[in-house]
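> Predicted structure and sequence below. I'll ask about it afterward.
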Amino acid sequence: MKSVFTFLVLLLVAVVQAVSSTGSRLLVILNDVDEKNDYSKFFGDLTKRGFEITYETPKSESLSLIHLGERTYDHVLVLPTKVKALGPNLTPNILVDFMNAHGNILVALSSETTISSSITALLAELDIAVPAERTGLVVDHFNYDAASASEKHDVLLLAPPAPLRPGVQTYFTPAETISELIAFPRGVGHTLGQGPLLNPVLRAPSTAYSYDPKEQADGVDPQDLFAVGAQLGLVSTMQSRNSARFAIVGSAEMLTDKWFDAKVKKIGDKEVATWNREFAKRVSGWTFQEIGVLRVNSIEHRLNEAGATETNPKGYRIKNDVTYTISLSEYSWNKWTPYLVPDGDELQLEFTMLSPFHRLNLSRAKITGQACTYSVAFKLPDQHGIFNFMVNYKRPFLTNIEEKNTVPVRHMAHNEWVRPFDIPAAWPWIGGIGATVVGFVAFSALFLYSKPTDLKGETKKKQ
Ligand SMILES: *[C@@H]1O[C@H](CO)[C@@H](O)[C@H](O)[C@H]1NC(C)=O
């Protein structure tokens, strides 16, 4: 009976832990707590995935993201609010501190409310620009929903995003081509800076543009356009160096129940369902560290010689043969799985002292239930000093990996050099020494044992 009980408790623990790799406390900021009913499916999906959601308005007094230097929440979702600034508990500084403490933030905007100044300041901090008036509307006169926006063309219909480039994880791309479309109703666009930490997920089609419906109602001067076409980001992500994640969704409305279930229709096409629910799941899952999270399980380097059993020895000698192994796992929704480097990408090891002496591709060695090991064998350079085994793997949408193991590499001890007898090129010289020695001994022997000639007799003869 007891063991059954223990088993049940363990099972429960396992189920409860089936959630993000960094924690389950999610704070949702919205204008009015009752508004959460509009997003009941989105929040229902998050709850089912194990998040404990707290709903707050920016006005709430008790709201605090960081208490005594510790995060009080693991993730924050900011929905559009009507307030001008988010108040003293959610200043841009606090939000940045929250990210520095490995907290994740998802921000959703709407063209119907002015973006609060705290959010614009945070976006500016991350090098994401929104229209200067803090409001805007993305329209497209070619890719709109004919069923609901035949007049205003402000509900964009977009195919699910394609991967950023070959060799990049495809978290936001469906496994096979689907007919569903993403509806992007009444959203605000943004533009991304040049930083390598920013990655777009969904961009506007080439015919879309953003304008201010209040100021530019009668017509838009091309000079005053905020951004057009693919320049205009609709959903984008940013991952900081500490792997805290940030995502911006231009249209909060696309997360509502209405658009999860809606049927949409491009002009001239037939009616299709929306892909919003799955897309929202993937974007929130990525932001809240449920997918694309990498973990280094272990690192091992060893001498590659018969009889060498020590792993991670304190040091090596120049020109040693060495094997380096690293084991990686990837978190996928609720479990750790082996991380497989995608085709067209390489996991590389650098052997560096200031600059790399070697940059080698690691190859897949072994796949077990939760981890995949990568390894490479190589010869250390003919240079002594303090070296590092470095794996620096930073890819879009994946946790940054930067692993450094320092080892000293010593020079040859005087008795470790190869003996000259083992070097064929030295044999003539060794032979020369031998010949000289033999010649000297033979000459000495000859000299010592040969009888001197009789000098007396000769002198006599001469006389
Ligand atoms: C590593 O892989 C890349 C791409 O596959 C290749 O171009 C490169 O030559 C490889 N490097 C080494 C040292 O084999």
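Sure, I can see it. Residues are numbered from 1 along each chain as shown.
> Just want the most central residue of this protein.
What sits nearest the mean C-alpha location of the chain, by C-alpha atoms, centre = their mean, is L398, with 2.6 Å.
> hang on, isn't it packed against I291?
No: no contact is recorded between L398 and I291 when judged using C-beta atoms under 8 Å, the distance being 9.6 Å. The way it works is simple: take the backbone N, C-alpha and C, and place the C-beta from them, glycine included.
> ok, how many other residues are close to the closest residue to the ligand within the stretch 1-150 of the chain?
Of all residues in the stretch 1-150 of the chain, S21 sits closest to the ligand, with a separation of 29.3 Å (C-beta to the nearest ligand atom). When neighbours are defined as other C-beta atoms under 10 Å, S21 has 21 of them.
> how about the residues of the stretch 301-450 of the chain near the ligand?
Near the ligand, the residues belonging to the stretch 301-450 of the chain are E346, L360, N361 when assessed by C-beta under 6 Å from any ligand atom.
> Could you pick out the buried ones from the residues you listed?
Judged by neighbour count, with 16 or more other C-beta atoms under 10 Å as the criterion, the buried members of these are L360.
> Which members of the residues of the stretch 301-450 of the chain next to the ligand occur in strands, if any?
L360, N361 (DSSP state E).
> From the residues of the stretch 301-450 of the chain next to the ligand, pick the one nearest the ligand.
For those, the nearest to the ligand is N361 (3.7 Å; C-beta to the nearest ligand atom).
> Confirm for me that that closest one is in contact with L347.
Yes: counting by C-beta under 8 Å, L347 is a contact partner of N361 at 7.3 Å.
> how does this structure divide into domains?
The chain is divided into the following domains under the TED database: 18-288, 293-410.
> Give me whichever of these is most buried.
Mean neighbours per residue, mean count of other C-beta atoms under 10 Å, is largest over these for domain 18-288, with a mean of 18.
> so G268, which of the three states?
For G268, the reduced secondary structure class is coil; criterion used: DSSP: H, G, I helix; E, B strand; the rest coil.
> confidence score at it?
G268 carries a pLDDT value of 83.
> Equivalent analysis for D38, please.
According to the model's per-residue confidence, D38 sits at a pLDDT of 91.
> is it fair to say it lies in a helix?
Yes: when three-state DSSP is applied, D38 is found to be in a helix.
> I figured it hits M254, correct?
No: the criterion here is C-beta under 8 Å, and D38 misses it with M254 at 11.8 Å.
> immediately after the helix or strand K258 falls within, which helix or strand?
Under the criterion of DSSP states H and E, K258 resides in helix 257-261. The helix or strand immediately downstream of helix 257-261 is strand 263-264, counting by DSSP H and E.
> mean confidence for that next one?
In this model, strand 263-264 has an average pLDDT of 89.
> before we move on, the earlier item: got TSV for the domains of the chain, with distance to D454 too?
Converted to TSV, the domains of the chain look like this (distance: least, C-beta to C-beta, whole Å):
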stretch	distance to D454
domain 18-288	99
domain 293-410	67
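> Flag the shaky bits of the stretch 1-150 of the chain, pLDDT-wise.
Within the stretch 1-150 of the chain, the set of residues satisfying pLDDT under 70 comprises 1-18.
> could you pull out the helices for it?
Assigned by DSSP state H, counting those that start in this stretch, the helices in the stretch 1-150 of the chain fall at 2-16, 40-48, 92-100, 117-125.
> Check the stretch 301-450 of the chain too.
Counting by DSSP H, counting those that start in this stretch, one finds helices in the stretch 301-450 of the chain at the ranges 427-449.
> Output stretch 405-412 in PDB with nothing but the alpha carbons.
Taking Å, rounded to 0.1, in the frame of the first residue of the first chain, the C-alpha atoms of stretch 405-412 are listed here in PDB:
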ATOM      1  CA  ASN A 405      37.600  24.400 -19.600                       C
ATOM      2  CA  THR A 406      41.200  25.600 -18.900                       C
ATOM      3  CA  VAL A 407      44.100  23.200 -19.100                       C
ATOM      4  CA  PRO A 408      47.900  23.900 -19.000                       C
ATOM      5  CA  VAL A 409      49.900  22.400 -21.800                       C
ATOM      6  CA  ARG A 410      53.600  21.900 -20.800                       C
ATOM      7  CA  HIS A 411      56.600  21.400 -23.100                       C
ATOM      8  CA  MET A 412      58.500  18.200 -23.500                       C
END
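> Show me what that stretch is in contact with.
Judged by C-beta atoms under 8 Å, 6 or more residues apart in numbering, the contacts made with stretch 405-412 from elsewhere in the structure are 299, 301, 312-318, 320, 380, 383-389.
> Could you list which of those belong to strands?
With strands taken from DSSP E, the overlap with the contacts of stretch 405-412 comprises I299, H301, Y316, R317, G385, I386, F387, N388, F389.
> is it possible to export the residues you listed to JSON lines including pLDDT and distance to A227?
JSON lines is the format used below for the ones in strands among the contacts of stretch 405-412 (pLDDT from 0 to 100; distance: C-beta to C-beta, whole Å):
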{"residue": "I299", "pLDDT": "95", "distance to A227": "44"}
{"residue": "H301", "pLDDT": "94", "distance to A227": "49"}
{"residue": "Y316", "pLDDT": "93", "distance to A227": "54"}
{"residue": "R317", "pLDDT": "92", "distance to A227": "59"}
{"residue": "G385", "pLDDT": "94", "distance to A227": "50"}
{"residue": "I386", "pLDDT": "96", "distance to A227": "49"}
{"residue": "F387", "pLDDT": "95", "distance to A227": "47"}
{"residue": "N388", "pLDDT": "95", "distance to A227": "43"}
{"residue": "F389", "pLDDT": "95", "distance to A227": "44"}
